[in-house]
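Trainee: I'll drop the sequence and a predicted model, then ask my questions.
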Amino acid sequence: MTARVGNLLYFWLQAHRAQQEGRQLRVRESEHFADWAAVWPAVTDLSIPRLSIGRTDRLLPVPPTHFQQFGTDFTRDELRTFVRQCLLTDAFTRVLSEPDPAKLTVNVRRGDYYDDPDLRDRYGFDLAAYLRAAVESVAGSGGIERVVVVSDDPAWCAVELAWLAEVGPVDVRRGTPVHHLATLASASNLVLSNSTFSYWGAYIAGTRSATTRVLAPSFHVRDVDGGAPWQHDPSWEVVAAG
């Protein structure tokens, strides 16, 4: 399995940090690279085609945490510099919207996490219970009038999250991964899943607005550090999950 955009972004962040320091570090392109290069042209300078890797090039070992440890692999300032310089491009900002404090955005990551038995054992948890607790925490604070759901499994959401209608009108977003990420990045109130795609939506939203409220599960993957996530911005609110 090759890295998808959530993981690629952490690699690109490392390459950007290195190049800012004058070091040549680039990310080996994956099959998913082309989908995003048109939106973020700067990542082409941070990448190298697989066939261009030379005999003198050295592959950097990837640790179990995949260079995703907030405060260790990167600082908040480095993260936000990367977001501003490489991700908030004209092409991407055209599909962003202004944050709306009356809107709650919920990202529901399922897909191969639950379809693949091996990944389910590693990444699966009581997602429905966690989402209810997180949503109730935000809605209980008042001011939420509508809900936007971004998911790779809208059919599951329609059945298991029907109760979201108690909070307000629910809009399950359709569209491309670019539009899904832009929806997360436009949120004022954001409930995450245990997904790097989710985390990057929150990183971009937090870079755009210092008042973004983010809630994230206390779990990422079962076989690293006892399940505790290492990607969280310390400003996020952690909701029990397991």
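Mentor: Great, that's in hand. Keep in mind that this is a model prediction, so the values were computed, not measured.

Trainee: ok, which stretches of the protein are strands?
Mentor: 27-28, 47-48, 103-108, 146-151, 170-172, 189-191, 213-217, 237-239 (DSSP state E).

Trainee: so where's the chain shaky on pLDDT?
Mentor: By pLDDT under 70, the weakly predicted segments of the chain are 1-3, 50-58.

Trainee: ok, Arg222 - contacts?
Mentor: In this structure, Arg222 makes contact with Asp121, Arg122, Tyr123, judged by C-beta atoms under 8 Å, 6 or more residues apart in numbering. (C-beta placed from N, C-alpha, C; glycine too.)

Trainee: just give me the longest helix of this protein.
Mentor: helix 5-20 (DSSP state H).

Trainee: elements contacting that helix?
Mentor: Packing partners of helix 5-20 (3 or more C-beta pairs under 8 Å, 6 or more residues apart in numbering; DSSP states H and E): strand 27-28, helix 34-37, helix 76-82, helix 196-208.

Trainee: and these: which comes nearest Ala129?
Mentor: Of all the helices and strands packed on helix 5-20, helix 196-208 sits nearest to Ala129, with 17.3 Å by C-beta to C-beta.

Trainee: between the closest one and strand 213-217, how many degrees?
Mentor: Put simply, helix 196-208 runs at 160 degrees to strand 213-217, going by axes from the mean of the first three to the mean of the last three C-alpha atoms, to 10 degrees.

Trainee: of all the helices and strands packed on helix 5-20, which one comes closest to Tyr113?
Mentor: The minimum distance between Tyr113 and the helices and strands packed on helix 5-20 falls on helix 196-208, with 11.3 Å, by C-beta to C-beta.

Trainee: that closest one packs against which elements?
Mentor: In this structure, helix 196-208 packs against helix 5-20, helix 76-82, strand 103-108, helix 177-185, strand 189-191, strand 213-217, with contacts taken as 3+ C-beta pairs under 8 Å, 6+ apart.

Trainee: swap the cut-off to 7 Å and go again
Mentor: If contacts are counted by 3 or more C-beta pairs under 7 Å, 6 or more residues apart in numbering; DSSP states H and E, helix 196-208 sits against helix 5-20, helix 177-185, strand 189-191.

Trainee: number of nearby residues for the closest residue to Pro154 other than its chain neighbours?
Mentor: Spatial nearest neighbour of Pro154, excluding adjacent residues (C-beta to C-beta, 6 or more residues apart in numbering): Val172 at 5.0 Å. Per other C-beta atoms under 10 Å, the neighbour tally for Val172 reads 17.

Trainee: and Asp115, by the same measure?
Mentor: Counted with other C-beta under 10 Å, Asp115 comes out at 10.

Trainee: tell me how far it lies from Ala241.
Mentor: 20 Å (C-beta to C-beta, to the nearest Å).

Trainee: before we move on, what about Pro154?
Mentor: Relative to Ala241, and taking C-beta to C-beta, Pro154 is found at 21 Å.

Trainee: same check on Glu145?
Mentor: For Glu145, the distance to Ala241 - C-beta to C-beta - is 26 Å.

Trainee: more neighbours, these two?
Mentor: Legend: neighbour count by other C-beta under 10 Å for Glu145 and Ala241, higher for Ala241 (21 against 12).

Trainee: which residue, other than its chain neighbours, is closest to that one?
Mentor: Here the residue nearest Ala241, using C-beta to C-beta, 6+ apart, is Pro217, at 3.6 Å.

Trainee: ok, that neighbour - contacts?
Mentor: Taking C-beta atoms under 7 Å, 6 or more residues apart in numbering as the criterion, Pro217 is in contact with Tyr130, Leu192, Ser193, Asn194, Val239, Ala241.
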